[in-house]
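**Q** Coordinates for the following, if possible.
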Amino acid sequence: MVLQRMQALCARSEKCTGDIKVKLVKLGLNETEIQFVVQKLVNDGFVDNFRYARFFVRDKSRLNKWGRVKIVSVLKSKGVSEGIINKALLEISPETNKKTLTDLVARKAKQIKAKSTYELKSKLIRFGMSRGFEMDLVINVVNEVITE
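**A** Residues are numbered from 1 along each chain as shown. Got it, this is the predicted structure:
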């Protein structure tokens, strides 16, 4: 019964093993039952952490405009291994990553009211960091946008 519910859930949308384990804990299953169900889903191809990570990286970078740091953080919290995360991050090209951040920062710079260049820079850097982009990339992009 539980296995069929999880198969139906995985058929509707991509899930990772961490998502499935959380659902099974909420349903009150013990550790042995959870391991059995998760293993069966993995063996039958319903759950694949690498496939999940690739879709997650692509969706969050393109649709939500998230940076690598935020994506890595969320995937780690879902129990996806670091090796899988690193392979999945290859879905984001450095050029695309920089262009996304540049567009976000340029748009945000027009909305911010700042009394000085220093204040504007610090607000834009905080904004870029909150979107999950790397500090050095954020600083370079903010400097480029402000000098334009």
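**Q** Need the single longest helix in the chain, by residues.
**A** Secondary structure assigned by DSSP state H gives helix 94-111 as the longest helix of the chain.
**Q** now the next helix or strand after that one: how far from the chain's centre is it?
**A** Per DSSP states H and E, the first helix or strand lying C-terminal to helix 94-111 is helix 117-130. With Cα atoms, centre = their mean, to the nearest Å as the basis, helix 117-130 stands 22 Å off its chain's centre.
**Q** do the same with stretch 111-128
**A** So, by Cα atoms, centre = their mean, the centroid of stretch 111-128 is 25 Å from its chain's centroid.
**Q** And for that stretch, what's in contact with it?
**A** Stretch 111-128 is contacted from outside by 67, 101, 104-105, 108-109, 137-139, 141-143, 145-146, using Cβ atoms under 8 Å, 6 or more residues apart in numbering. For the C-beta atoms, the positions are set from N, CA and C on the backbone; glycine is no exception.
**Q** mind listing what's buried in it?
**A** Buried residues in stretch 111-128, counting neighbours by 16 or more other Cβ atoms under 10 Å, are found at 120-121, 123-125, 127-128.
**Q** Extract the C-alpha set from that stretch and format it as CSV.
**A** C-alpha atoms of stretch 111-128 as CSV (Å, rounded to 0.1, in the frame of the first residue of the first chain):
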residue,chain,number,x,y,z
GLN,A,111,15.0,49.8,-7.5
ILE,A,112,17.4,50.6,-4.7
LYS,A,113,17.5,54.1,-3.2
ALA,A,114,20.9,54.7,-1.7
LYS,A,115,22.6,57.8,-0.4
SER,A,116,26.1,56.8,-1.6
THR,A,117,27.8,54.4,-4.0
TYR,A,118,29.1,52.5,-1.0
GLU,A,119,25.6,51.9,0.3
LEU,A,120,24.4,50.9,-3.1
LYS,A,121,27.2,48.4,-3.5
SER,A,122,26.7,46.9,-0.1
LYS,A,123,22.9,46.5,-0.7
LEU,A,124,23.6,44.9,-4.1
ILE,A,125,26.2,42.6,-2.7
ARG,A,126,23.8,41.4,0.1
PHE,A,127,21.1,40.9,-2.6
GLY,A,128,23.4,38.8,-4.8
